[in-house]
Every structure is written in structure tokens, then in C-alpha cells.
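K.L.:
3D, please:
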Amino acid sequence: MKIQYSINNITYTADLSKPLDISIPLQAGNAEKTVNPNCYHAEEPTFKTISFEDVFIGSVAEGGVCNYQRVSLTPHGNGTHTECYGHLNNQEKENVTINQCLKTFWFVARMISLKPTKITEEYLQNEELSQLREIAEIGDEVVLKKHLEEKLDELEKIDIEDTNSIAYEALIIRTLPNSDDKKTRNYSGQNPPYLEPSIGKFLAQKNINHLLLDLPSVDREWDKGKLSVHKGFWNILTNSLDKNSKNDFSQVRKNATITELIFADNKIKDGIYLLNIQIPSLEIDAVPSKPVLYELSK
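P.N.:
So this is what the prediction gives:
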């Protein structure tokens, strides 16, 4: 099945029979081997058979007529998930959910690959990296704004020269090196790579509404509670001079989303794609998700 997609009065075609799934399949936890990625010390997902005494057994393997299971998981810690600004909102005052914020599901996306930079003392002394200096330690691996900006500028220049410029509102960041063990890696307490704090605001200013990446979080695992990339991307304002100040959501980007813990196989090349973000209709700040790419051709 093929569809036609009009962008800037140019018609593109996408073959829906050739999806490129960049989500990580989630399995029931296994005591003998690691089968899922894990971050923030989340408990393993469980798929538990439901039975009613001797009346009903929710397992064909155990003699039942059908399978009937209870699923328990932690969206932020177990696998590919998409989140909205409700992740940082006071939910007692206003219940903000991803089901309310993500109202359209098809987007033009650009995928790029970047290698995080290992932080040295030289970086921590650089006054231009003031936000990074507040949270980083020597040895951290960070995707720097400078490298991201250079990469996007280079690609957009090529687009213009080739008259192939396509406006995109989603950005997918694949970090290098890229290996299959990302699908089962234990990130908890390991201080995994993260984005430079200023990247969130930078992408918001470029009108990127959907950010996807293959890391547990856009921010440092422990960043003293700053969550600068999240806040910058969603345009959540804070008073940097007052540590006790509350988040200001008056200018928040309500429809912007962040998807973490994706996995883009090396067979998928960097470039422009049609992106479909699939989510269940749960009224919560983040849900397991299935982002799928489709190649675009004229």
C-alpha cells in the first residue's frame, strides 16, 4: 500500500508495506537473562496470568481456553516511551497526559547520527558551556549542541543546493557507536550519555516538535534536578536565580513530545522519513510507544 504526501507543494510517496520500526520490543522480565533495557532502577515488566480459583485459567499452556494476562511496567524505565510536558507538571492541580497532548500522529522527520563527546577538564572550564558545567563531570559522554548545530546546518545546506529542502518537525538522534546491546542494556546508575542542556531550547527555536533518541533520557541521569533539556524543549520557564521557584507553564509547548529509548538499526540510513508515532490511549504523562519510519520518494 502506497500513500502520497504533499510537502511544500511537492508530492512524495511512502510505501506503508515497508515500515522501519525503531521501537524496542518489550518482554516479560527474565531472571536468567536480560531481555529489556533498564533505566532509573525500574522493576522488570511482568506479564501475569489471571486465574479464578478452579473456574478459569488464563493460560492455554496451563489448560485454559485462552490467554488472559495482567501487564505491569514502568514507561519511563522499561523501554521505548513517548512523554509530554505532564512529566514535569504538578498533576494534582492539572492532569496533563500524553493522550491529551499528542493529537496527530504523522510527521516528517530527519534522522541523524552523532557521537557523544567525552568531557574533559577543558570543557568544564569553557564559559560558553555554562549550563553543562553546572551538572557535568569529567568522563561524561555528551552530545554537544555545537556538533548538533553543525550537522543540521550541513544537511540543510545540502538540501537547499539539491533543491530537496523539506520542512521537518521531528528530529531523531541516533548515538554512535550503535550496537544491538542497546536493546537490553542496563543504564541504571551508569551515567549514560545525554544531551547538552542548551539543546532543548535550541530545538524548540527550530520548531522541532517531536524529539526522539536512543538514550534513557535527554538529560543527565542525575543533574541535580535541573532537567534543562526537558524544560528547554517544552519551553517551561524557571527563575535560574531562585532555587525554590516553581515551573512556569504559561508558554509551554503543549503538543511537543519526547521519545526516549528508541533503537534505529544501522541498516536505516540517516535522512528524511515519514514518521508515525503510535501510542495507547492512556491518561498518563508517558506511555510505551511504537515510532515507525517510512522512506519518502518523489
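K.L.:
Quick check: which ranges of the stretch 51-200 of the chain have low pLDDT?
P.N.:
Counting by pLDDT under 70, the ranges of the stretch 51-200 of the chain that qualify are 163-164.
K.L.:
quick check: mean pLDDT across whichever helix or strand residue 231 is part of?
P.N.:
With elements taken from DSSP states H and E, the one containing residue 231 is helix 228-234. Looking at helix 228-234 alone, the average pLDDT works out to 97.
K.L.:
For that helix, name the packing helices and strands.
P.N.:
Using 3 or more Cβ pairs under 8 Å, 6 or more residues apart in numbering; DSSP states H and E as the contact criterion, the secondary-structure elements in contact with helix 228-234 are helix 199-205. Yep, even glycine has a C-beta here, placed from its N, CA and C like the rest.
K.L.:
Please compute how far the top helix by length along the chain lies from its chain's middle.
P.N.:
Selection of the longest helix in the chain by residue count, based on DSSP state H, yields helix 145-161. Using Cα atoms, centre = their mean, to the nearest Å, we find the averaged C-alpha position of helix 145-161 to lie 21 Å away from the chain's own average C-alpha position.
K.L.:
For it, buried residues please.
P.N.:
145, 148, 151-152, 159 (16 or more other Cβ atoms under 10 Å).
K.L.:
Stretch 201-219: which residues count as buried?
P.N.:
By 16+ other Cβ under 10 Å, the buried positions in stretch 201-219 come out as 201-204, 208-219.
K.L.:
Need the pLDDT of the closest residue to residue 97 other than its chain neighbours.
P.N.:
If you skip the residues right next to it in sequence, residue 97 has residue 283 as its closest partner in space, 4.3 Å away by Cβ to Cβ, 6 or more residues apart in numbering. Turning to residue 283, the model gives it a pLDDT of 96.
K.L.:
now could you export just the CA positions of the helix or strand that comes right after the helix holding residue 231 as CSV?
P.N.:
Following the chain from helix 228-234 toward its C-terminal end, the next helix or strand by DSSP H and E is strand 257-260. Coordinates of the C-alpha atoms in strand 257-260 are reproduced here as CSV (Å, rounded to 0.1, in the frame of the first residue of the first chain):
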residue,chain,number,x,y,z
THR,A,257,6.8,15.3,22.7
ILE,A,258,10.0,13.5,23.7
THR,A,259,10.5,9.8,22.8
GLU,A,260,13.4,8.0,24.6
